[in-house]
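Q: Got a predicted structure plus its sequence, pasted below:
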Protein chains: 2
Amino acid sequence: MPQAQGPSFARTERTVPTRARERAGYDHTTVHAILDAGYVCHLGFVRDGAPVVLPTLYGRVGNRLYLHGSTGSRPLRMAGEPAGPGLPVCVTVTHVDGLVLAKSAFHHSINYRSVVVHGTAYQVTDPDEKTAALDALVDHVLPGRAADSRPANAKELAATAVIRLDLEEVSAKVRTGGPNDEPEDETLPYWSGVLPVSPVYGAPVPADSLAPGIAEPAYLSAR
Amino acid sequence: MPQAQGPSFARTERTVPTRARERAGYDHTTVHAILDAGYVCHLGFVRDGAPVVLPTLYGRVGNRLYLHGSTGSRPLRMAGEPAGPGLPVCVTVTHVDGLVLAKSAFHHSINYRSVVVHGTAYQVTDPDEKTAALDALVDHVLPGRAADSRPANAKELAATAVIRLDLEEVSAKVRTGGPNDEPEDETLPYWSGVLPVSPVYGAPVPADSLAPGIAEPAYLSAR
């Protein structure tokens, strides 16, 4: 992929892929754009020596990701105290942009944008950082929503654990364009090309309890 | 979630969640339907003691998942030989169905369907199983496509590694419906409800090299 101007994350043995290196990117601009285009990540951690991968929401503030959950949830308990060793994690965000149909089964592919973050997650206990992180999580899903809902009260804050993961060992991977058919396959009588796919938002469904006077906010239609 | 009739996967300590247990399901019907509604999974494995999560394609044949990749890719090398110890993995498939906006920041949520599979992945070396697995992978993305493309030749088969993961330790998790607002929040002047989201396929984009006489196949329009 073309490398953008501006700062980049340092490459490490873990972030340089073994193949298709031309699809990898490390600049902040590309990584941030892919992270900001989504709100569900897949959080990986190790439990009793085995991998666990769970879908969860995330928010971003600068070069830091925030994830949250119940104080009773396993990864959040395992992330432990801020001064502790933390929890080694891998957080991956993936967007699928198209199905790539080649004339050969072998060259079928997917157009996608993904970011993989390796690092150690720590509990956030500072009340101001925790509140800002929760606002970032809500606003990441729907920009403008945090200010247009009731903030968490003391009981809710106490029931919510937040972990932070600094963006340090990070890479993006992007595939775009049509199929890479072998030259000798070009005359085969199969359709080839790309079927684009993207998430589409439907008409908002008001809650049963919604009072009739409350208008649909602008940030909903913006999605 | 309502439990369907028919066979179910046995519950284990890893597949029973610590919270929101009413959202969990174990019956084959539910698990298969969620797996068959997607084609990109997040594959988790442990490398040098740390978790790694990578997006990749998958196919399903009965109660077995197949994943593939270059023979040079790390997890596929680590899965090793069929008689070896295999590679402990976690494979997670997630569909987002809606953004759930509650009147309180705390009760914001996501409507989703997910499946988490824990197990050990092994290399597939039997030629017939490998060929069937690759067909399943292509047909999982676009049903009918495997028969309408050139099958892999010997060189391509040799460059492709396939791993299998039996569905044994598996759970589904599903959230549906509107926000769970606190009764005392119902009169607050914030919009609440659900913003539905789903993947939508655009018009197929033919490859530059596509001969004019090749019609768009029916399985494309079916997406």
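A: That came through fine.
Q: Ramachandran coordinates for residue A:124?
A: The phi/psi pair for residue A:124 (degrees, to the nearest 10) reads phi -100, psi 120.
Q: For the spatially closest residue to it that is not a sequence neighbour, give the beta-bridge partners.
A: Leaving aside its chain neighbours, residue A:124 sits nearest to residue A:162 (4.2 Å; criterion: C-beta to C-beta, 6 or more residues apart in numbering or on different chains). C-beta: built from backbone N, CA, C; applies to glycine. Counting by DSSP bridges, residue A:162 forms beta bridges with residue A:68.
Q: At the geometric centre of chain A, which residue sits there?
A: The residue lying closest to the centre of chain A (C-alpha atoms, centre = their mean) is residue A:93, at 3.3 Å.
Q: and the helix or strand of chain A with the lowest mean pLDDT with chain B, contact?
A: Least confident helix or strand, chain A: helix A:74-79 with a mean of 79, by mean pLDDT, DSSP states H and E. Yes: interface with chain B: helix A:74-79 contributes residue A:74 (C-beta under 8 Å from any C-beta of the partner chain).
Q: any idea how far the residue nearest to residue A:124 lies from chain B?
A: For residue A:162, the distance to chain B equals 12 Å [C-beta to the nearest C-beta, to the nearest Å].
Q: same question, residue A:50
A: Counting by C-beta to the nearest C-beta, the gap from residue A:50 to chain B is 5 Å.
Q: helix, strand or coil for the closest residue to that residue other than its chain neighbours?
A: Among residues not flanking residue A:50 along the chain, residue B:88 sits closest, at 4.7 Å (C-beta to C-beta, 6+ apart). What DSSP: H, G, I helix; E, B strand; the rest coil gives for residue B:88 is strand.
Q: residues touching residue B:88, list them.
A: Counting by C-beta atoms under 8 Å, 6 or more residues apart in numbering or on different chains, residue B:88 touches A:49-51, B:45-46, B:119-121.
Q: Which residues does it form beta bridges with?
A: Applying DSSP bridges, one finds that residue B:88 bridges with residue B:120.
Q: The one 5 residues further on too?
A: The residues paired with residue B:93 through beta bridges, assigned by DSSP bridges, are residue B:115.
Q: That one contacts residue B:35, doesn't it?
A: Yes: counting by C-beta atoms under 8 Å, residue B:93 touches residue B:35, with 5.8 Å between them.
Q: list the residues that contact both of these two?
A: B:58, B:115.
Q: How about the contacts made by the residue nearest to the centre of chain A?
A: Per C-beta under 8 Å, 6+ apart, neighbours of residue A:93: A:34-35, A:38, A:40-42, A:58, A:114-115.
Q: and the residue nearest to residue A:124, how many neighbours?
A: Here the count is done by other C-beta atoms under 10 Å in any protein chain shown, and residue A:162 has 26 residues near it.
Q: cool, the one 3 residues further on as well?
A: Residue crowding around residue A:165 was assessed by other C-beta under 10 Å; the count is 25.
Q: send the alpha carbons of the strand or helix carrying residue A:30 over as PDB?
A: Residue A:30 is part of helix A:28-36 when elements are defined by DSSP states H and E. Extracted in PDB, the C-alpha atoms of helix A:28-36 (Å, rounded to 0.1, in the frame of the first residue of the first chain):
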ATOM      1  CA  HIS A  28      -0.400   6.800  12.100                       C
ATOM      2  CA  THR A  29      -2.900   8.300   9.500                       C
ATOM      3  CA  THR A  30      -3.700   4.900   7.900                       C
ATOM      4  CA  VAL A  31      -3.900   3.100  11.300                       C
ATOM      5  CA  HIS A  32      -6.100   5.700  12.900                       C
ATOM      6  CA  ALA A  33      -8.500   5.900   9.800                       C
ATOM      7  CA  ILE A  34      -9.100   2.100   9.900                       C
ATOM      8  CA  LEU A  35      -9.600   2.100  13.700                       C
ATOM      9  CA  ASP A  36     -12.000   5.100  13.500                       C
END
